[in-house]
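coordinates only, sequence not included:
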């Protein structure tokens, strides 16, 4: 048993072509299935469908983003799909007997339903399990951004931070919210000065309102100092609080304020306020309130911010050079002077004075102007986390398990000695040379377009026999069937058109283009989403892009196959096969050479990255992106997510424009390449198995030597599945040698078949010693 095991290992290490790639893919899939199954069990064992947070890092460090990108590695099963699409010789012969053909060396939907039922159903299973992964894999693991909403605002002098005297509610005598002095419910609370606090709360030194001010006075001197520009950026030009929470605006007023320097108060008012604040003692506290900033989506879906302390922060004034503003301005000035904006149920809205208003003397001119010197902001640890959705993770796990089972079964079944798929053009040429197909005999001058036309028309048949050689140099575009060009570019045009329409609509609906990368500076779709809905919407374009890439790759593969075939008319070269023997060469991982496949993979990754920044799921917690204000919702939050967590689908117009520009350039490359000319001394079968087979009928008079077989022995390769009856036949030696396509000598019995003496010649493959020559225009070949 041990000997057999190590023999299996030894043979496995010597595998080439698709078998080695398929086994590696099976290992990757099985390991992925094991890891995902373990994660799913851990996630579901909690008995909750809420996300599992398994990694956390400081939002400013970017570590969470890096880890999130690293976890989104795609599972590659391309080799397995290619093999499922590749027909065996038996399947090709069966198609030929029905006057049909199969594609060789290229992905083909035609092949998927003309190969064996086992491969067809396996292909369907892999396809069906791949689609959900494209839709949900990118977001089964997602980053949760944190943006806090609430903060405490204090306006005070520098002395307030170092033991200076202060008396709530502050020298401004303004209660947070600036409510009417008689607390009448029908007077509107003025937005812009924080959350409302009852005046009676300031009479108790142990109340939360007073205690909070005292705590800030004790600790704020140790908080981080922010210069005016940075403070404005965080609290006025708000994007949610990520680094700091509570803030003290330090005013350039060294000696503090006495309320009689700000207010003209009559005797009744003075007696009232003196119970709170001494009349002549400097007060180093000007104003204090609890605030909140919330993201707001305007009518054109441009992200903005609603700050209920906007008035206290002076956001209505130009602050490009410094931070100076009148604390009471506009509507706030009207309120504190005793004039209110009253809502009327029956008539127009009117300005009127409160009947209970006592502060009738008003403000002293200019006494309430503030000039901010700097800020003291409370630093907080802002943690961005990476979470896994149990529901999405389970969906991915089931799909990967299905893919793993299918891939393993396919690899085991198709690795049997009797199964030899024609994966590459070289595989097909070698097979047709060694075992000529009698159905295609006598068609050596016929290429794929003749077979296509004949099969499309029910009553037009191609008959074997001599035909004149017509010299022409067709374009490379003729290698690719017209239907493939139409389907591919219809797919490209459809995707670009959808993007262009969205760009046009987005630019007409918004006043700015946002940022290039995914983020909160872009616009968001104003619809209600839970996590799964957002994931499906944001990732559905990725599926379309994947189909476009497959079509794009298919065009390059077909053009390259045409170039590879054309080289057989130029010089003697080796066949590129999956299992090399003699002078044959081993195949690339795919049909394309690395100089094409590697750039295409890089382009694909870049386009998927661009698209992921063009439309994306944005998950944020902390309350800044509050569902009620930011999007239209029937329910506030996704119940499977933590409280105050909002799911939005954002889009970057800038990134989308770049995506459309790049793809528009890329789709011209196959067109440019297709305008090259093909050589005139060889047929051009493309990927059509009938045309390839027709060109591979060679002569038993070939002078291919036994040295090609000796080369196999020198490599130390021993294939147990070799057919001993075919060993050392002339055609087998030919297939394993360096060969060229052209005019070759045929035995007398071949000429007797056509009864044309030696005026009819034959085109096929031969070695250098056979001296295959170029066909001569006007001569007859069969």
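Sure, I can see it. Nothing here was measured: the structure is a model prediction, and the numbers come from that model.

now the closest residue to residue 682 other than its chain neighbours: how far from residue 769?
Spatial nearest neighbour of residue 682, excluding adjacent residues (Cβ to Cβ, 6 or more residues apart in numbering): residue 569 at 3.3 Å. Bear in mind the C-beta positions are built from the backbone N, C-alpha and C, glycine included. Between residue 569 and residue 769 the computed distance is 18 Å (Cβ to Cβ, to the nearest Å).

looking at those two, which is more packed in?
When residue 569 and residue 769 are compared for neighbours, residue 569 comes out ahead with 19 against 12, by other Cβ atoms under 10 Å.

that one against residue 741, yeah?
Yes. Assessed by Cβ atoms under 8 Å, residue 569 is found in contact with residue 741 at 5.5 Å.

what's the overlap in contacts for the two?
residue 682 (Cβ atoms under 8 Å, 6 or more residues apart in numbering).

so who does the residue nearest to residue 682 touch?
679, 681, 682, 740, 741, 742, 774.

need the pLDDT of the second one.
According to the predicted model, the pLDDT of residue 681 comes to 89.

residues contacting the nearest residue to it once chain neighbours are set aside?
Leaving out its chain neighbours, the residue that sits closest to residue 681 by Cβ to Cβ, 6+ apart is residue 774, at 4.1 Å. Neighbour list for residue 774: 569, 681, 742, 743 [criterion: Cβ under 8 Å, 6+ apart].

where does residue 196 fall, phi/psi-wise?
Residue 196 adopts backbone torsions of phi -70, psi 140, taken as degrees, to the nearest 10.

where's the closest residue to it other than its chain neighbours relative to residue 325, distance?
Spatial nearest neighbour of residue 196, chain neighbours left out: residue 177 (3.4 Å); criterion: Cβ to Cβ, 6+ apart. Using Cβ to Cβ, residue 177 is found at 19 Å from residue 325.

which of the three states applies to residue 175?
coil (DSSP: H, G, I helix; E, B strand; the rest coil).

and residue 294, by the same measure?
Going by three-state DSSP: residue 294 is strand.

coming back round to it: just the buried residues out of the contacts of residue 569, in PyMOL syntax.
Of the contacts of residue 569, the buried ones go into a single PyMOL selection, burial set by 16 or more other Cβ atoms under 10 Å:
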select buried, resi 681+682+740+741+742+774
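
reformat the contacts of residue 569 as a markdown table; add secondary structure and distance to residue 704.
Shown next, in a markdown table, are the contacts of residue 569 (DSSP: H, G, I helix; E, B strand; the rest coil; distance: Cβ to Cβ, whole Å):
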| residue | secondary structure | distance to residue 704 |
| --- | --- | --- |
| 679 | coil | 24 |
| 681 | coil | 21 |
| 682 | coil | 20 |
| 740 | strand | 12 |
| 741 | strand | 14 |
| 742 | strand | 15 |
| 774 | coil | 20 |
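
out of the contacts of residue 569, which is nearest to residue 404?
residue 741 (42.8 Å; Cβ to Cβ).

how much space between the closest one and residue 692?
Distance from residue 741 to residue 692, by Cβ to Cβ: 11 Å.

how about residue 468?
22 Å.

go on, residue 733?
20 Å.

and what of residue 528?
56 Å.

what about these two, which has more around it?
Neighbours per residue, other Cβ under 10 Å: of residue 528 and residue 692, the larger number sits with residue 692, 28 against 17.

confidence score at the more buried one?
93.

equivalent analysis for residue 173, please.
Predicted confidence (pLDDT) for residue 173: 81.

isn't it right next to residue 261, touching?
No. With contact defined as Cβ under 8 Å, residue 173 and residue 261 do not form a contacting pair (11.6 Å).

the two: which has the busier surroundings?
Shown here are residue 173 and residue 261; by other Cβ under 10 Å, residue 173 has more neighbours (22 against 12).

phi and psi next, for that one.
Here is the backbone geometry of residue 173 (degrees, to the nearest 10): phi 60, psi 20.

quick one: the helices in the stretch 101-250 of the chain?
Here the stretch 101-250 of the chain has its helices, by DSSP state H, counting those that start in this stretch, at 109-112, 117-140, 208-219, 228-235.

element containing residue 428?
Assessed by DSSP states H and E, residue 428 sits inside helix 425-434.
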